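Next input, structure requested:
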Amino acid sequence: MSHWSRRDVIRTFGLSAALPFSSLEDIMDIPIHNEDQYQSNDVKKMVTAVVIGAGARGTLYGRYSLQYPNQLKIIGVAEPVSLRNEKFSGTHGIDNQFRFKTWEDVFKAPKFADAVIITTPDDLHYGPCMQALAMGYDVLLEKPISPSEQECRNILNLAKKNNRIVAVCHVLRYSEYWIKIKEMIDQGTIGKVVSIQHLEPIGNIHMSHSYVRGNWHDSKKTTPIILAKSCHDLDIIKWLVNRPVKYVQAFGNLTYFRSENAPSGSTARCMDGCSVESTCPYSALKIYHRNRQWTYVLDLPEDKEKHSDHILNKLANTNYGRCVFRMDNDQPDHYVCNIEFEDQTTVAFSMEAHISYEGRRTRILGTQGDITGDMKSFTHTDFTTGKSETWEQKVTDGHGGGDFGLVAQWVRAVSAQDASMLSSTIDASIESHIMGFAAEKSRLGKTVVEVRL
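Numbering: from 1, shown residues only. Next comes the predicted model:
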């Protein structure tokens with residue numbers, strides 16, 4: 001049986017957006033860099049917040065308050081899973097009167113905090129966000145904003161009407177890697193950007209976990225994968241180019257994780273006597289039980305002696321134990337999207353599941369030079385001098401420092417009531433979402449879609 005240490009995970013997956021945590025407690029062990037920078041954060045008044053959804057992202061963002069209690073204090077939580085609710089409340093010392101089961105319960109009480117942090121499933125972003133804005137809360141909203149374009153626009157309109165701050169968790173904008181690349185582009189280091197080639201390698205096991213077996217396996221009940229997984233990428237592309245989008249064209253399909261590709265001798269569940277279980281890369285027994293990867297979704301009990309029985313029970317009774325070829329999934333396992341901006345800049349974006357590694361790969365091609373990077377480092381080559389220089393990422397915590405970078409800036413903005421301190425406001429973030437909706441319309445309709453923001 002293989003157990004992954006936090007160091008093993010980072011070494012293997014680098015700056016991956018979704019690491020194979022064994023439990024939510026692992027999130028508390030992520031090494032934090034730039035601690036002095038965050039400590040000196042110019043916060044005029046401590047911000048109080050309610051976390052709605054105490055899963056992986058809620059736990060991660062909430063951790064900032066434990067590290068910097070003079071800046072952010074979590075005073076409430078809404079979480080229907082009792083084990084998560086209890087752990088989160090205990091960690092943050094939340095009073096019983098501010099522990100809620102559902103998001104609706106939060107808003108039955110009079111306003112009791114400055115802000116809410118919404119980290120619920122995708123289809124449960126809209127309701128709590130609209131209610132929070134109506135009651136005068138500022139918001140930190142996990143991406144995607146909403147599975148519906150109209151709902152995205154409704155949130156934007158209400159935020160403007162009530163003069164509230166809504167920050168979308170496009171955390172890559174706050175990582176050192178992307179900040180440095182953006183700075184070089186804006187300074188004209190590579191001249192005018194002509195074209196970008198961008199790859200998001202989901203990773204084959206990550207795909208099977210999240211988009212075949214997991215919460216996002218059904219696009220109709222959650223969010224199309226172009227938004228659920230890749231709105232980060234669309235957002236970064238739009239941020240770098242910094243021009244209005246004109247046209248989007250997309251192609252993609254679910255090719256492999258289908259019933260007709262189920263191996264001979266396979267069964268509905270991996271533990272039902274499947275004859276190919278031992279050689280299948282997607283064996284649930286191997287991934288969750290033997291290797292103990294991604295088990296944070298199984299809500300492991302505190303008693304480690306009970307982990308094995310708990311995992312086997314989950315694999316016998318939840319989607320995480322089902323054969324990846326016999327699921328009711330519909331998310332594409334490969335997706336390409338071509339984008340043209342108003343200044344004729346073109347982008348070729350590819351999201352791929354059938355790939356052995358994670359970590360985005362990007363080529364930015366300009367009139368005076370180019371930049372090639374992999375989220376760990378990038379190399380800039382100057383066309384005039386022919387010289388190349390390499391910049392290396394020093395930060396290895398979540399999203400290259402972007403997770404805490406986002407929360408730090410959001411806390412500053414809410415404390416000062418100044419949305420301009422953020423780069424991923426609802427106003428900016430909605431543009432990449434509209435690109436995603438256009439891409440899905442194009443993919444399904446086999447047509448080029450003109451984008452209207």
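
Strands of the stretch 201-350 of the chain, residue ranges please.
Under the criterion DSSP state E, counting those that start in this stretch, the stretch 201-350 of the chain contains strands at 245-253, 334-341, 346-352.

which residues sit against the first one?
In this case it means strand 245-253. Residues outside strand 245-253 that contact it (CB atoms under 8 Å, 6 or more residues apart in numbering): 226, 238, 332-342, 351, 431, 434-435, 438-440, 442-443, 447-451, 453. C-beta here means a position set from N, CA and C on the backbone, and glycine is covered the same way.

Report the strands that pair with that strand, each with its relative direction.
If you go by DSSP bridges, strand 245-253 pairs up with strand 334-341 (antiparallel), strand 449-450 (antiparallel).

ok, and for it, which residues are buried?
245-250, 252 (16 or more other CB atoms under 10 Å).

that's a strand at Ile371, yeah?
Yes: secondary structure of Ile371 (DSSP: H, G, I helix; E, B strand; the rest coil): part of a strand.

Poorly predicted segments of the stretch 301-450 of the chain, please.
395-400 (pLDDT under 70).

hmm, back to that, list buried residues within the contacts of strand 245-253.
Listed as buried from these are 226, 238, 332-341, 351, 431, 434-435, 438-440, 442-443, 449, 451; burial here means 16+ other CB under 10 Å.

could the buried residues of strand 245-253 be laid out in CSV, adding distance to Phe112 and pLDDT?
Output for the buried residues of strand 245-253, formatted as CSV (distance: CB to CB, whole Å; pLDDT from 0 to 100):
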residue, distance to Phe112, pLDDT
Val245, 41, 96
Lys246, 46, 97
Tyr247, 47, 98
Val248, 43, 98
Gln249, 48, 98
Ala250, 44, 98
Gly252, 45, 97
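
Find the nearest non-adjacent residue to Pro147, please.
Thr223 (4.3 Å; CB to CB, 6 or more residues apart in numbering).

The one you found: how many residues sit nearby?
Neighbour count for Thr223, taken as other CB atoms under 10 Å: 27.

That one contacts Leu124, correct?
No: using CB atoms under 8 Å, Thr223 is not in contact with Leu124; the gap is 11.3 Å.

still on that earlier bit, can the buried residues of strand 245-253 go into JSON lines with extra columns for distance to Ala408?
Listed next are the buried residues of strand 245-253 as JSON lines, based on distance: CB to CB, whole Å:
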{"residue": "Val245", "distance to Ala408": "29"}
{"residue": "Lys246", "distance to Ala408": "35"}
{"residue": "Tyr247", "distance to Ala408": "36"}
{"residue": "Val248", "distance to Ala408": "33"}
{"residue": "Gln249", "distance to Ala408": "38"}
{"residue": "Ala250", "distance to Ala408": "34"}
{"residue": "Gly252", "distance to Ala408": "36"}
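
farthest pair in the residues you listed?
Lys246 and Gly252 (20.8 Å; CB to CB).

the helices in the stretch 251-400 of the chain, which residues?
284, 307-317 (DSSP state H, counting those that start in this stretch).

got the buried residues for the longest one?
What that stands for is helix 307-317. Neighbour-count burial for helix 307-317 [16+ other CB under 10 Å]: 307, 311, 314-315.

Check stretch 87-97 too.
87-89, 91-92, 94.

What's the mean pLDDT across that stretch?
Model confidence over stretch 87-97, given as mean pLDDT, is 96.

can I assume Leu76 sits in a strand?
Slight slip there: residue 76 is Gly, not Leu. Yes: per three-state DSSP, Gly76 lies within a strand segment.

Give me the neighbour count for it.
Gly76: 23 neighbours (other CB under 10 Å).

again with the one 4 residues further on
Pro80 is flanked by 14 other residues according to other CB under 10 Å.

Please enumerate the helices of the stretch 1-150 of the chain.
6-13, 35-39, 56-67, 82-92, 103-106, 126-134, 149-161.

In terms of mean pLDDT, which of those helices ranks lowest?
Among those, helix 6-13 carries the lowest mean pLDDT, a mean of 37.

got the contact list for Thr345?
Taking CB under 8 Å, 6+ apart, one finds 193-196, 241, 243 in contact with Thr345.
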